[in-house]
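Visitor: got a structure for you, letters missing:
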């Protein structure tokens, strides 16, 4: 029988970086800054639920409007309803919502309230100068076989509500070693010209700056005094605005099987299929032996249809309880993370906090500590996954009471045995 399971509440993409306060004596987690889960932009007069993403049972959470306007339905609790102000002239009522955990640690959320329906340009953004038209879509001058067009850039115009008006794209090329730099731009700005400057990027930038753009990668405020008075308040122009950092896609694969905190499962249908991504995720327990004083020795398989995992040597998309592995230097969006693919195929990412400590990124609440020349991953349910700092392979798993499963590997780097120290049983793996 197929089951359709829906958990109460809304599904939110996990983004951003979780700040964890660390007690450096023993490197244990001392507390967490509460993270407010809710929208970062709203229409005037509308209401939204705000909740604590990293809610801890037994904690007391006190809410307030630190600045700006609007109202809260309550001042204490795991969640509240925020109602935005009816107007926002000169963005004076832009709210900053504050929540305190047990009267100490404070988290905040700033919400943009745009009250303007103006169709005029509110702000402009200029891309970086991109090599070989990476990210550019137009041809901007045709496919001239005699010239290389190695650089391009694009400027985008936006309205008060953040919607895009149009995009201007320009590309440039050099005419040999001693020639000038030639520039062509696509609609709605169609120009063609040349410059004696042989640096293509230095030639492209004035073309955009002449039309009101700033430096490479910058956002320029183009609002008039009348637009501001009418409540033209884009999120991008908030003083504290930071572009959202989205977790890698495999951060949503699988689930954490040992989590002891509330986990809202994504709605699924049929086998099951995740409605939001189309991913087929399922698990199958093949073996389970009781172990005295500890959890059973179990072999469970997990499948993700969108996963590229092959390290478990079980075929495309398959992984099992003992095939978690670690990558110490994983590059994502120009940052370096320590990454663990857990036993379900879920990607878990950590940032180097110094002293051998790695704190969770992208809302991850666990952490990794280097101990005795090993990486030790501390899970929320009390388990510890230990990886060799030399091979990056999982070498043992220990539960919260000290019961340990020890792994060994064959000459090809595949799991050979898993030994339950408490129960005295050993799983032996053979491959064909």
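Guide: Structure's in. What do you need? All values derive from a computational prediction rather than experimental measurement.
Visitor: start to end distance for stretch 45-55?
Guide: Stretch 45-55 stretches 27 Å from its first residue to its last (C-alpha to C-alpha, to the nearest Å).
Visitor: and stretch 322-339, by the same measure?
Guide: Stretch 322-339: ends 16 Å apart by C-alpha to C-alpha.
Visitor: now do that stretch: distance to the chain's middle.
Guide: Distance of stretch 322-339 from the chain centroid (C-alpha atoms, centre = their mean, to the nearest Å) equals 14 Å.
Visitor: give me the contact list for that stretch.
Guide: Taking contacts as C-beta atoms under 8 Å, 6 or more residues apart in numbering, the residues outside stretch 322-339 that touch it are 245, 248, 299, 311-312, 314, 340-343, 347-352, 358, 361, 368, 375, 377, 385, 387, 389, 392-394, 397, 405, 407, 415, 418. (Each C-beta comes from the backbone N, C-alpha and C, glycine too.)
Visitor: drop anything exposed from those.
Guide: 248, 299, 312, 314, 340-343, 347-351, 358, 361, 368, 375, 377, 385, 387, 393-394, 397, 405, 407, 415, 418 (16 or more other C-beta atoms under 10 Å).
Visitor: ok, back up a step: in strands only, show me the contacts of stretch 322-339.
Guide: 299, 340-341, 347-352, 358, 368, 375, 377, 385, 387, 394, 397, 405, 407, 415, 418 (DSSP state E).
Visitor: how many other residues sit next to residue 364?
Guide: 23 (other C-beta atoms under 10 Å).
Visitor: an error on my part: the question was meant for residue 76.
Guide: 10.
Visitor: check the gap between the closest residue to it other than its chain neighbours and residue 342 for me.
Guide: Counting by C-beta to C-beta, 6 or more residues apart in numbering, residue 62 is the residue found nearest to residue 76 once chain neighbours are left out, at 5.6 Å. The gap separating residue 62 from residue 342 is 34 Å, by C-beta to C-beta, to the nearest Å.
Visitor: repeat for residue 384
Guide: 13 Å.
Visitor: which helices and strands sit right next to the lengthiest helix in the chain?
Guide: In the chain, taking DSSP state H as the definition, the longest helix is helix 200-209. In terms of contacts (3 or more C-beta pairs under 8 Å, 6 or more residues apart in numbering; DSSP states H and E), helix 200-209 is packed against strand 151-158, strand 164-174, strand 181-185.
Visitor: now the first one, how far from the centre of its chain.
Guide: Its chain's C-alpha centre lies 25 Å from the corresponding centre of strand 151-158 when counted by C-alpha atoms, centre = their mean.
Visitor: can you list the strands that it pairs with?
Guide: strand 123-126 (antiparallel), strand 130-131 (antiparallel), strand 164-174 (antiparallel) (DSSP bridges).
Visitor: nearest to residue 116, of the ones you listed?
Guide: Among these, the nearest to residue 116 by C-beta to C-beta is strand 123-126 (12.4 Å).
Visitor: next, residue 89: phi, psi?
Guide: When read as degrees, to the nearest 10, the backbone of residue 89 gives phi -60, psi 130.
Visitor: is it true that it touches residue 231?
Guide: Yes - the pair residue 89 and residue 231 qualifies as a contact (C-beta atoms under 8 Å) at a distance of 5.7 Å.
Visitor: OK, contacts around residue 240?
Guide: Contact analysis of residue 240 by C-beta under 8 Å, 6+ apart lists residue 110.
Visitor: how far away is it from residue 126?
Guide: As judged by C-beta to C-beta, residue 240 and residue 126 stand 21 Å apart.
Visitor: straight-line length of stretch 45-61, end to end?
Guide: In stretch 45-61, first residue to last residue: 25 Å (C-alpha to C-alpha).
Visitor: correction: stretch 47-59
Guide: OK, stretch 47-59 end separation, C-alpha to C-alpha: 25 Å.
Visitor: show me how far it is from its chain's centre.
Guide: On C-alpha atoms, centre = their mean, the centre of stretch 47-59 falls 19 Å from that of its chain.
Visitor: same thing with stretch 376-395?
Guide: 23 Å.
Visitor: please list the outside residues in contact with it.
Guide: 256, 258-261, 322-328, 340, 342, 348, 365-370, 373-375, 396-400, 406-407, 409, 413.
Visitor: just checking, what packs against the helix or strand encompassing residue 99?
Guide: For residue 99, the host element (DSSP states H and E) is strand 96-101. The contact analysis (3+ C-beta pairs under 8 Å, 6+ apart) places strand 96-101 against strand 61-67, strand 105-110.
Visitor: neighbouring strands of that strand in the sheet, and parallel or not?
Guide: Partners of strand 96-101, by DSSP bridges, with direction: strand 61-67 (antiparallel), strand 105-110 (antiparallel).
Visitor: reformat these as a markdown table; add distance to residue 206.
Guide: Output for those, formatted as a markdown table (distance: least, C-beta to C-beta, whole Å):
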| stretch | distance to residue 206 |
| --- | --- |
| strand 61-67 | 39 |
| strand 105-110 | 35 |
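Visitor: where among these is the average confidence lowest?
Guide: Among the strands paired with strand 96-101, strand 105-110 carries the lowest mean pLDDT, a mean of 88.
Visitor: so what touches the helix or strand following it?
Guide: Once the chain leaves strand 105-110, the next helix or strand it forms, by DSSP H and E, is strand 112-113. For strand 112-113, contacts defined as C-beta under 8 Å, 6+ apart pick out 40-44, 68-70, 84-85, 88, 91, 93-95, 231, 233-235, 238.
Visitor: give me the number of neighbouring residues for residue 152.
Guide: Other residues near residue 152 come to 30 when the count uses other C-beta under 10 Å.
Visitor: just list whatever residues bridge to it.
Guide: Residues in beta-bridge contact with residue 152 (DSSP bridges): residue 130, residue 171.
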